[in-house]
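> Pasting the sequence and the predicted model now:
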Amino acid sequence: MRKGVARSLLGISAFPWVERPSRRSFLRPPFPLAEGIGSGAIIEGGEFNLRLAPLGRSWQNGPVRVWAWKGIEMPKGFPALPGGLPKGILRMEKGEIKIGCCGFPLAREKYFRLFSLVEIQQTFYQLPKYETAGKWRQTAPPGFEFTLKAWQLITHEPTSPTYRRLRRKIPPGHFRRYGSFRPTDEVLEAWDQTLQFARNLGASIVVFQCPASFRPERENIDHMHRFFARIDRGGLRLAWEPRGDWPEDVVRGIAQDLNLIHAVDPFQGRPLYGTLQYFRLHGIGGYGHRYTDGELKKILSWALSDRMTYVLFNNRGMKEDALRLKEFLGP
């Protein structure tokens, strides 16, 4: 099933990175329906076969799995079926959605009971001891997934206020040896230590979040190419979140050349490259934002993909918003 067709079913072509429905989509012209079809039956539309699922259940039909998610109505104009169509939303089989928080907003033991994913934040400010990573891994339940932010020594200049939480003192004369992906011994050592922590933790993804002061300039881009050409990735997937005014073609080109997942807040831009989607939700207008039901439903519609989607909340109400999104997703 083609991505554009599934998206057109949701009626979300108004979103900035979604194609408008093509002439071959289900909605233009309507696809043929067999007489007496109802929920749980197969809908045939040219080269596409879909199976409708009642709430909370799913079937696999060829390469496509169709889910019905409660709380979200099918788009206006979707063909009516004899026997009624359950409210829901379509999702690709491969498009699993993983939901969690950036950091632990409550005690780890309680968090583990609520979620199966977390993005560790402490590793950005001050890398914890390697033994801490092993402890977190051992106390997490089977199947729990960790991702983490790369140490700020790699991405941020020592003039950043985030360095106040760094234990070591960096002499002003050495400031130019840290941050901005400079391929210096200091930055490369910071990566080696981040990698070792990620290995002890059993992390799957490391996120390099850049400050807005890291601009799309030739020197910065050259530093990125030299840095990622030299490091050992250790089998990890690497994600990059540029912030500020970066042209889409530049971001896409860098991510493709360096094999990086483009991490993004979907309310600020579209994911431009990667084997999966990695959403980091910072709050619309700031950290204090709490997402409305309508905004959470938008996130679900954007997560519709043939790729896996990670949804990490990084706002004041992250726990509550993540739980509400899980509720919308259903069992």
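On my side now, so go ahead. Numbers count the residues shown, from 1 in each chain.

> So which residues of the stretch 201-331 of the chain form helices?
With DSSP state H, counting those that start in this stretch, the ranges of helices along the stretch 201-331 of the chain come out as 218-230, 248-258, 293-303, 318-329.

> Is it possible to get JSON lines of the ones you listed that adds mean pLDDT and distance to Gly100?
Every residue, glycine included, has its C-beta placed from N, CA and C. Listed next are these as JSON lines, based on pLDDT from 0 to 100; distance: least, CB to CB, whole Å:
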{"stretch": "helix 218-230", "mean pLDDT": "98", "distance to Gly100": "26"}
{"stretch": "helix 248-258", "mean pLDDT": "98", "distance to Gly100": "22"}
{"stretch": "helix 293-303", "mean pLDDT": "92", "distance to Gly100": "13"}
{"stretch": "helix 318-329", "mean pLDDT": "94", "distance to Gly100": "6"}
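
> Save the ones you listed as a markdown table, and put in distance to Arg199 and mean neighbour count too.
Output for the helices of the stretch 201-331 of the chain, formatted as a markdown table (distance: least, CB to CB, whole Å; neighbours: other CB atoms under 10 Å):
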| stretch | distance to Arg199 | mean neighbour count |
| --- | --- | --- |
| helix 218-230 | 18 | 15 |
| helix 248-258 | 21 | 15 |
| helix 293-303 | 29 | 18 |
| helix 318-329 | 27 | 19 |
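
> Just send those back as TSV, with distance to Gln126 too.
Shown next, in TSV, are the helices of the stretch 201-331 of the chain (distance: least, CB to CB, whole Å):
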stretch	distance to Gln126
helix 218-230	21
helix 248-258	26
helix 293-303	31
helix 318-329	21
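
> Which among those helices is found nearest to Cys102?
Of all those, helix 318-329 sits nearest to Cys102, with 6.8 Å by CB to CB.

> Show me what the closest one is packed against.
On a contact count with 3 or more CB pairs under 8 Å, 6 or more residues apart in numbering; DSSP states H and E, helix 318-329 meets strand 97-102, helix 293-303, strand 309-313.

> Between strand 97-102 and that helix, find me the angle.
For helix 318-329 against strand 97-102, the angle by axes from the mean of the first three to the mean of the last three CA atoms, to 10 degrees is 170 degrees.

> so helix 318-329 versus helix 293-303, what angle?
70 degrees.

> ok, what's across the strand from Arg280?
Leu312 (DSSP bridges).

> right, and Trp120 touches Glu145 too?
Trp isn't right for residue 120; it's Ile. No: assessed by CB atoms under 8 Å, Ile120 is found out of contact with Glu145, at 11.1 Å.

> neighbour count winner among those two?
Taking other CB atoms under 10 Å, Ile120 and Glu145 do not tie; Ile120 has more neighbours (23 against 17).

> And the more buried one, how close does it get to Pro183?
Counting by CB to CB, to the nearest Å, the gap from Ile120 to Pro183 is 25 Å.

> Could you say which one of the helices of the stretch 201-331 of the chain comes nearest to Pro105?
helix 318-329 (4.3 Å).

> So what touches the closest one?
69-72, 97, 99-103, 105-106, 114-115, 281, 290-291, 293, 296-297, 299-300, 311, 313, 315 (CB atoms under 8 Å, 6 or more residues apart in numbering).

> Quick check on those: which are buried?
Applying a neighbour-count criterion of 16 or more other CB atoms under 10 Å, the buried members of the contacts of helix 318-329 are 69, 71-72, 97, 99-103, 105, 115, 281, 291, 296-297, 299-300, 311, 313, 315.

> what's the pLDDT at the nearest residue to Glu157 once chain neighbours are set aside?
By the measure of CB to CB, 6 or more residues apart in numbering, the closest residue to Glu157 outside its immediate chain neighbours is Gly179, 4.2 Å from it. For Gly179, the pLDDT comes out at 97.
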